[in-house]
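1. Got a predicted structure here, sequence first:
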Amino acid sequence: MTHFLDIHTTSKDDLRAIIDSARAMKTARDGRPKGTPDDEAPLAGRMVALIFEKPSTRTRVSFDVGVRQMGGQTMVLSGREMQLGHGETIADTARVLSRYVDLIMIRTFEEATLQEMAEYATVPVINGLTNRTHPCQIMADILTYEEHRGPIAGKKVVWSGDGNNVCASFVHAAGQFGFDLTFTGPQTLDPEREWLDFARQQGVRAEIERDPHKAVEGADLVVTDTWVSMHDPESAKERRHNQLRGYQVNEELMAKAKPDALFMHCLPAHRNDEATSAVMDGPHSVIFDEAENRLHAQKAIMRWCLGV
């Protein structure tokens, strides 16, 4: 079964094939109305279940539109509409859904939920996000960088802020795509040591630098994410802001990177917290190309999973 669960568990050759496929499909759609199907319609007759335990804008819309453009149909399910892990085990839900649909995308909290779904499903499962990783986002980010600046291999990427699930998948990508990654943020929010070790084992530099200005020197790409998750309690917000205020991506920080460096943020953003509006709307920013590319990257992932 060809699941897409994480970047570090997918081969380098397959990851490159997905990126190349995404670029080709994006090029083929240039100028075409969003609602018209792709010429090939590779998902014609296919049904895709989109499961959202966590709410979403980009993930929901991009997967839904992507399936429709490829000629398939979607069934969107929320945690409130299902008995996922409550009245019914994850394993039984996976077995049942596999009788109805051809592909499952799940956006959930615990990594264990994703893993159990994949273990018992008899159709491919895609990780739309867990608390630990977010591989679909980073595939879109690689696509975005390369369409603006060429191959990302050998480049320097700097992550500023919280070593969260999106950061984790960026560290995985460093190892798989061959670029160096520097994390800058408070020690209490470091990315998992396991992920840094994985990247280093692939022969790239994966470092931690506490001084953000030193970290971004010579950077080809600067990336950040929201300081506060949508599910963090109110009591955590002020503490997070106090920890991360020194790691805001602003014009002064971007000036330390290369003159042609790009800036990314997976969105949604709290403007003027983790990044200033001047940076988000400035010449380095590619955040809306990045958001669009979720559509194209995920279409390529679905085709890879189904072998079509």
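-> Noted; the coordinates are in hand. Residues are numbered from 1 along each chain as shown.
2. which ones are touching the closest residue to L15 other than its chain neighbours?
-> Nearest residue to L15 in three dimensions, chain neighbours excluded: Q176, at 5.5 Å (CB to CB, 6 or more residues apart in numbering). Every C-beta, even on glycine, is put in place using the N, C-alpha and C of the backbone. Residues in contact with Q176 (CB atoms under 8 Å, 6 or more residues apart in numbering) are 7-8, 10, 12, 15, 202.
3. For this structure, name the helix or strand with the lowest mean pLDDT.
-> Ranking every helix and strand in the chain by mean pLDDT, DSSP states H and E puts helix 234-244 at the bottom, with a mean of 84.
4. Beyond it, next helix or strand please.
-> On the C-terminal side of helix 234-244, the closest following helix or strand by DSSP states H and E is helix 251-254.
5. Can you name every helix or strand that that next one contacts?
-> helix 212-215, helix 277-280 (3 or more CB pairs under 8 Å, 6 or more residues apart in numbering; DSSP states H and E).
6. Please work out which residues outside the helix or strand following the first one touch it.
-> What it means is helix 212-215. Elements were assigned by DSSP H and E; along the chain past helix 212-215, the next helix or strand is strand 221-224. Strand 221-224 has contacts (CB under 8 Å, 6+ apart) with 141, 145, 152, 155-161, 170, 216, 247, 249, 253-254, 257, 261-265, 274-275, 284.
7. tell me which residues of strand 221-224 are tucked away?
-> By neighbour count, with 16 or more other CB atoms under 10 Å as the criterion, the buried positions of strand 221-224 are 221-224.
8. cool, and stretch 276-284?
-> Within stretch 276-284, the residues that qualify as buried are 276, 279-280, 284, counting by 16+ other CB under 10 Å.
9. right, and out of those residues, which lies closest to K54?
-> Within these, the smallest distance to K54 is 23.4 Å, found for M280 (CB to CB).
10. In this structure the closest one contacts P268, no?
-> No: M280 sits out of contact with P268 when judged by CB atoms under 8 Å, with a separation of 11.5 Å.
11. Just give the number of residues close to the closest residue to E252 other than its chain neighbours.
-> Spatial nearest neighbour of E252, excluding adjacent residues (CB to CB, 6+ apart): H213 at 8.0 Å. Counted by other CB atoms under 10 Å, the residues lying close to H213 total 13.
12. ok, H213 - contacts?
-> The neighbourhood of H213, defined by CB under 8 Å, 6+ apart, consists of 252-253, 256.
13. Got the phi and psi for G175?
-> For G175, the backbone dihedrals are phi -70, psi -40 (criterion: degrees, to the nearest 10).
14. Burial check on it, number of neighbours?
-> The number of residues packed near G175 is 23, by other CB under 10 Å.
15. Spatially, what comes nearest to it if we skip its sequence neighbours?
-> Skipping the residues right next to it in sequence, G175 comes nearest to Q202 by CB to CB, 6+ apart, at 3.4 Å.
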